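**Q** How does the following fold in three dimensions:
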Amino acid sequence: MSQNNASNQPDTALETVEVSKLFGGVRAVDRLSVAIGRRGMTSIVGPNGSGKSTLINLLSGMLPLDGGMVVIDGVGLRVVKAHETPDHGITRTFQQVRLFDQVSVWDNIMVVLTRRNVWSALFERARPRYRERAQAILEDVGMWDKRDSLAEDLSYGQRKLLEIGRAIALDVQIYLLDEPFAGLFPQMLEHVKDIMKQMRDEGRTIVFVSHNMDIVREMSDHIFVLDAGTLLADGEVEDVLTRPEVIDAYLGA
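**A** Okay, here's the model as predicted:
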């Protein structure tokens, strides 16, 4: 892994410096430089094809960088590896939820807490502190009563809650949430919002992608608007969303 020290403000958790990603001749992310604050909730918005999910994939190591650098707590990385991101204090969720479908809700959490592979977590007795932490997480995300259910038997909303629980179990600083509200019924949506607000209040860095502008207005402390892989605007939500170029490009007004 190539890395070097980079200048970084104390209140900045995560930066991109001239980051690029190409798919064929298309620049999905085009020399993008942004800085994400350590505390609060940052939203990333833009139309389909603007580079939102690609950016999350680059930050989490799911896609390799084609140029530029990601800076985490002042350390610059030109190669971000997905399996190393928890060591850098980053985890994420996906638009399409990823779980161990063939095991229980409880064991999905225990795999993360014990940092073992799924079979070790299933067959090795967990320490009391892991069991207590797993119960606390499942209670927090409202999944304690489903602890013995197989993940594959959960509803879509329950699967999202479990995935968020798995992310919380990693106990990192930076959480990248890709469309955490998509497809949720109103009651489940409110529950996910409450979980995210609690994480923010605990001092975590929350970055989320969403098409729901009402939620973006409610939840965001800072916003980035992407356009064809470039930064169109950023700043405080109400300021950004009232700029003429943003209204013209994204809000249809």
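
**Q** what's near enough to touch I109?
**A** 134, 137-138, 162, 165-166, 169 (CB atoms under 8 Å, 6 or more residues apart in numbering). (Glycine included, C-beta is placed from N, CA and C.)

**Q** Mind putting those into CSV with neighbour count?
**A** Below are the contacts of I109 laid out as CSV (neighbours: other CB atoms under 10 Å):
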residue, neighbour count
A134, 24
I137, 22
L138, 23
L162, 25
G165, 22
R166, 24
A169, 23
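
**Q** Dump those into TSV; add pLDDT, distance to S43 and secondary structure as well.
**A** Shown next, in TSV, are the contacts of I109 (pLDDT from 0 to 100; distance: CB to CB, whole Å; DSSP: H, G, I helix; E, B strand; the rest coil):
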residue	pLDDT	distance to S43	secondary structure
A134	95	30	helix
I137	95	24	helix
L138	96	27	helix
L162	96	23	helix
G165	95	22	helix
R166	94	22	helix
A169	93	24	helix
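
**Q** and which of those is nearest to R98?
**A** R166 (8.9 Å; CB to CB).

**Q** wait, isn't that closest one in contact with V112?
**A** Yes - with contact defined as CB atoms under 8 Å, R166 counts as touching V112 (5.0 Å).

**Q** where along this protein do the strands fall?
**A** 3-5, 12-23, 26-37, 40-45, 67-72, 75-77, 90-93, 174-178, 205-209, 222-227, 230-235 (DSSP state E).

**Q** Farthest pair within the contacts of I109?
**A** A134 and L162 (11.7 Å).

**Q** tell me the angle of the lengthiest helix in the chain relative to strand 174-178?
**A** Criterion DSSP state H: the longest helix present in the chain is helix 186-201. Angle of helix 186-201 versus strand 174-178, following axes from the mean of the first three to the mean of the last three CA atoms, to 10 degrees, is 160 degrees.

**Q** Could you check helix 186-201 and say which residues are buried?
**A** By neighbour count with 16 or more other CB atoms under 10 Å, helix 186-201 contains the buried residues 188-189, 191-193, 195-196, 199-200.

**Q** Quickly list the domain ranges of this protein.
**A** The chain is divided into the following domains under automatic domain parsing: 1-89+175-253, 99-171.

**Q** so who does the residue nearest the centre of the chain touch?
**A** When CA atoms, centre = their mean is applied to the chain, the residue found nearest the centroid is L176 (1.4 Å). Neighbour list for L176: 56, 59-60, 90-93, 207-208 [criterion: CB under 8 Å, 6+ apart].

**Q** and these as a markdown table, adding distance to G76?
**A** Below are the contacts of L176 laid out as a markdown table (distance: CB to CB, whole Å):
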| residue | distance to G76 |
| --- | --- |
| I56 | 19 |
| L59 | 13 |
| S60 | 17 |
| I90 | 14 |
| T91 | 20 |
| R92 | 20 |
| T93 | 25 |
| V207 | 19 |
| F208 | 24 |
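
**Q** give the contact list for K197.
**A** Applying CB under 8 Å, 6+ apart, we find K197 in contact with 41, 219.

**Q** do the one 3 residues further on as well
**A** Contacts for R200 (CB under 8 Å, 6+ apart) come out as 39-41, 206, 221.

**Q** got CSV for those residues, with pLDDT too?
**A** What follows is those, written out as CSV (pLDDT from 0 to 100):
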residue, pLDDT
R39, 87
G40, 90
M41, 95
I206, 96
D221, 94
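
**Q** Tell me the one among those nearest to S20.
**A** I206 (25.2 Å).
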